[in-house]
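J.: sequence isn't available, so here's the structure alone:
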């Protein structure tokens with residue numbers, strides 16, 4: 001496959017992730033959308049790494065995977081605390097927790 005096909009795939013995945021973050025109110029679905037965007041970035045890193053015959057993109061992709069795992073852990077803990085306090089994972093109701 002050529003580089004353009006990977007870039008188009010990554011752009012489509014990133015746009016779906018942005019739509020998921022902006023349109024969803026469920027905390028778990030927002031986290032899944034963020035993960036989709038990070039995977040699109042990883043596809044770009046790996047595609048350019050293969051195209052340029054360099055290992056720098058592979059190393060950056062490993063860092064992104066590590067950061068994504070930490071983000072999921074912290075984000076899921078926050079969503080679980082919101083669910084425990086409000087009995088709903090709806091992110092619009094989070095404003096009730098202020099003060």
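T.: The structure has been received and is ready for your questions. Nothing here was measured: the structure is a model prediction, and the numbers come from that model.
J.: which of the residues in the longest helix anywhere in the chain are buried?
T.: Longest helix in the chain by number of residues (criterion: DSSP state H): helix 56-86. Residues of helix 56-86 classed as buried: 57, 60, 61, 68, 75, 79, 82 (neighbour count, 16 or more other Cβ atoms under 10 Å). Quick note: C-beta positions are derived from backbone N, CA and C, even for glycine.
J.: helices or strands up against the least confident helix or strand in the chain by mean pLDDT?
T.: Taking mean pLDDT, DSSP states H and E as the measure, the helices and strands of the chain show their lowest mean at helix 56-86, namely a mean of 89. Counting contacts by 3 or more Cβ pairs under 8 Å, 6 or more residues apart in numbering; DSSP states H and E, helix 56-86 is packed against helix 27-52.
J.: packing partners for the helix it packs on?
T.: Right, helix 27-52 is packed against helix 3-23, helix 56-86 by 3+ Cβ pairs under 8 Å, 6+ apart.
J.: any chance of those in a markdown table, plus distance to residue 93?
T.: Listed next are those as a markdown table, based on distance: least, Cβ to Cβ, whole Å:
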| stretch | distance to residue 93 |
| --- | --- |
| helix 3-23 | 17 |
| helix 56-86 | 5 |
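J.: out of the ones you listed, flag the one nearest residue 49.
T.: Between residue 49 and the helices and strands packed on helix 27-52, the shortest separation by Cβ to Cβ is 2.6 Å, and it involves helix 56-86.
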